[in-house]
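> Okay, predicted coordinates and the sequence, questions at the end:
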Amino acid sequence: MTAPALSAAGRAGDVLREMLTRPSGAIGLTLMILHLCLAIASPWLVPYDYKLMDAASTLAPPSAAHWLGTDHLGRDVLTRVMLGGREALLITGIATPVAMLWGGLAGVWLGLRGGWPDEVAMRLVDAFLALPGILPLLVLITVFGTGGEVLLPTLAFFFGIPVIRVARAAAHEVVARDFVSAARARGQSRPDIVRREILPNVTDTLLVEGAMRWSWMLLGFSSLSFLGFGVSPPTPDWGLMVSDARIYMSLAPWGVIAPVVALSTLIVGINLTADALAKTLCLDRSRKAVI
Amino acid sequence: MIGLITRRMALGLVTLWLVSVIIFLGVEALPGDACTAVLARDAQGPALAACREAMGLGTPAFERYLDWAAGIVQGDLGMSASGQESIAEMVGYRARNSLLLAAGALAVGIPLSISLGIVAGLTRDRWPDLLVSTGAILAMTIPEFVAATVLILVFAIWLGWVPAIVLTPADAPPLEFFPEFFLAATVLTMLMIAHVMRMIRASVIEAMASEYVQMATLKGVPHARIVLRHALPNALLPAINVIALTVAWLLGGVVVVEVVFNYPGLGRLLVDAISGRDLPVVQAITMIVAATYVGVNLVADILSLVLNPRLRSYRASRR
């Protein structure tokens, strides 16, 4: 797979085509692309203004005027669900590649460098991973407050930490292979070896990892919104919508069901895609640890 | 082996020390300090000076870190910023309640996930496996708050079997948390099963494909005996570490679940503390969670060392 003759675009096309032949890939990609298109086009498609409150029809059931009913302030649920993923997709869509990039490069470098920087960095990684789930995010939010400008770097930073480990392990695996020794014997420089021999062989692992991390980041983001530490109120967001509508759940279940379905289909879509990608690239994800 | 265990314990302590430094520095990086956070708009003039005096913020950060760390080592978690209550008192019952929830989830989750993992692993790619695996992917991918909300909607509101939220005070005896406890524990159990089951399944598949199982089959050993005596003991060993990782993960997931069900545990205390910007409480809870994580993983590592002689070589321990 290092052969430069095989163009990157050509290979991406092959991988995509093979993913589509798997049911998980076909369903996952469809769900994901649907969500992405909706997120981009929704401002022109929504039937109402998302801030528009109608005091006359609060918690109204689904009807011809409001297909998915209205919430406790009389806002159109369909409008808000259609717009509710934009913030999450935008922030995690930027933060995931950033996390993969810095975590991946740091991991590969540490894996090749070894010695004391590696030892020190791995102890630090262990320490950060001792704070499970959204806990470290919550601590940083206490310190810096909420909002997109805080969430994006926070997510990018914390989700990059476990990637260091994965990239480091992948680099270790590649370094031991013959073509790296051959490159060394040929007298290639170290940066050259990293760029031409190691990175191309680590990218597959990181790609699959990135797809998984994206879905986990979305999970974390919406959990933060749900807890009230994500996007701020007038902005529609699925996590926040579930949190708001929860109190009126017995009167107006549609207010909860609609954002739940939207969020779940997106996350399941990303996961199925990641799964198909892993199988297509012949990387077995099921043996990886939960962290 | 004693050497390996000592090394592992030393690593655990180093991790905890680093966590404490990270948490302390994280809060130090705050623009302003604990006093400006608590006093908010009144943070000026004599009130601010008096508060800083009372909290000892005049002393250098290094000395305060030593004070704080020494307190934690001795079990003194300090005072909360807002109410000036003892954090140890605030945490006490809530830690017990969270533990109760986690214990309930583990008691049901571990046996169930192991059996489901074995069934799925043995029936690889046939319908019992597809059913269990698909369910696991769904349970893993759906956020805790979504699963919790759906369960409340179905079981508390539509069917009316159990109350939707917990109204029991934090210091009530454990039995008073039933039956409200069930839904919260169910969410955690579901998510836990999904993670552990997937690992066990992979582990069983690997063991069944191994050469010693093939050999046993060729020798004519009955299938049941191959599974029970040859494959499973090897396949289940990694489960110890997976379960330890899952416990740690439960500690994180418990935050959201406790908020959804209004369950008076550590997670809800943490969220309240964050909303009130009560930094000493946030620091203390974070330390407790990190210590639990490190402790559980340490126990798991030692257990696997004891049960699996293959891990006792120096090379293997360096992973």
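Nice, thanks for sending it over. Note that the structure is predicted; figures quoted are calculated from it, not measured.

> Residues of the stretch 201-319 of chain B that sit close to chain A?
B:201-202, B:206, B:242, B:245-246, B:248-249, B:251-253, B:255-256, B:259-260, B:270-271, B:273-275, B:277, B:279, B:282, B:286, B:289-290, B:293-294 (CB under 8 Å from any CB of the partner chain). Heads up, the C-betas are built off the backbone N, CA and C, glycines and all.

> Going through those, which ones are buried?
B:201-202, B:206, B:242, B:245-246, B:248-249, B:251-253, B:255-256, B:259-260, B:270-271, B:273-274, B:277, B:279, B:282, B:286, B:289-290, B:293-294 (16 or more other CB atoms under 10 Å in any protein chain shown).

> Quick one: mark the members of those residues that sit in helices.
In helices, judged by DSSP state H, the following of those are found: B:201-202, B:206, B:242, B:245-246, B:248-249, B:251-253, B:255-256, B:259-260, B:270-271, B:273-274, B:279, B:282, B:286, B:289-290, B:293-294.

> so what pLDDT did B:Gly109 get?
Per-residue pLDDT puts B:Gly109 at 85.

> what does stretch A:253-266 contact?
Stretch A:253-266 is contacted from outside by A:31-32, A:35, A:59, A:61-62, A:68-69, A:71-72, A:77-78, A:80-81, A:84-85, A:89, A:218, A:222, A:238-239, A:241-242, A:244-246, A:248-249, B:141-143, B:146, B:149-150, B:153, B:157, using CB atoms under 8 Å, 6 or more residues apart in numbering or on different chains.

> Buried ones among those?
A:31-32, A:35, A:59, A:68-69, A:71, A:77-78, A:80-81, A:84-85, A:89, A:218, A:222, A:238-239, A:241-242, A:244-246, A:249, B:141-143, B:146, B:149-150, B:153.

> Return, as residue ranges, the portions of chain A with sub-threshold pLDDT.
Applying pLDDT under 70 to chain A flags residues A:1-9, A:51-56, A:58-60, A:64-66, A:68, A:74, A:133, A:145-148, A:283-291.

> OK, contacts around the spatially most central residue of it?
Nearest to the geometric centre of chain A sits A:Trp214, at 1.3 Å (CA atoms, centre = their mean). Applying CB under 8 Å, 6+ apart to A:Trp214 gives the contacts A:Thr92, A:Gly93, A:Thr96, A:Ile270, A:Ala274.

> Work out for me the element the second one sits within.
Secondary structure assigned from DSSP states H and E places A:Gly93 in helix A:86-113.

> Who are the packing partners of that helix?
For helix A:86-113, the elements it packs on are helix A:23-45, helix A:115-129, helix A:148-175, helix A:199-227, judged by 3 or more CB pairs under 8 Å, 6 or more residues apart in numbering or on different chains; DSSP states H and E.

> Next, the closest residue in space to A:Thr154 that isn't next to it in sequence: secondary structure please.
Nearest non-adjacent residue to A:Thr154, counting by CB to CB, 6 or more residues apart in numbering or on different chains: A:Leu140, 4.9 Å away. Under DSSP: H, G, I helix; E, B strand; the rest coil, A:Leu140 falls in the helix class.

> A:Leu140 against B:Gly26, yeah?
Yes - with contact defined as CB atoms under 8 Å, A:Leu140 and B:Gly26 form a contacting pair (6.9 Å).

> How much space separates whichever residue of the stretch 1-150 of chain B sits closest to chain A from A:Val46?
Nearest to chain A in the stretch 1-150 of chain B, going by CB to the nearest CB, is B:Leu18, at a distance of 3.5 Å. B:Leu18 sits at a distance of 48 Å from A:Val46 (criterion: CB to CB, to the nearest Å).

> circling back to that earlier point, quick one: buried residues of the helix or strand hosting the residue of the stretch 1-150 of chain B closest to chain A?
Here B:Leu18 sits within helix B:2-28, counting by DSSP H and E. For helix B:2-28, the neighbour count (16+ other CB under 10 Å) marks B:4, B:11-12, B:15-16, B:18-20, B:22-24, B:26-27 as buried.
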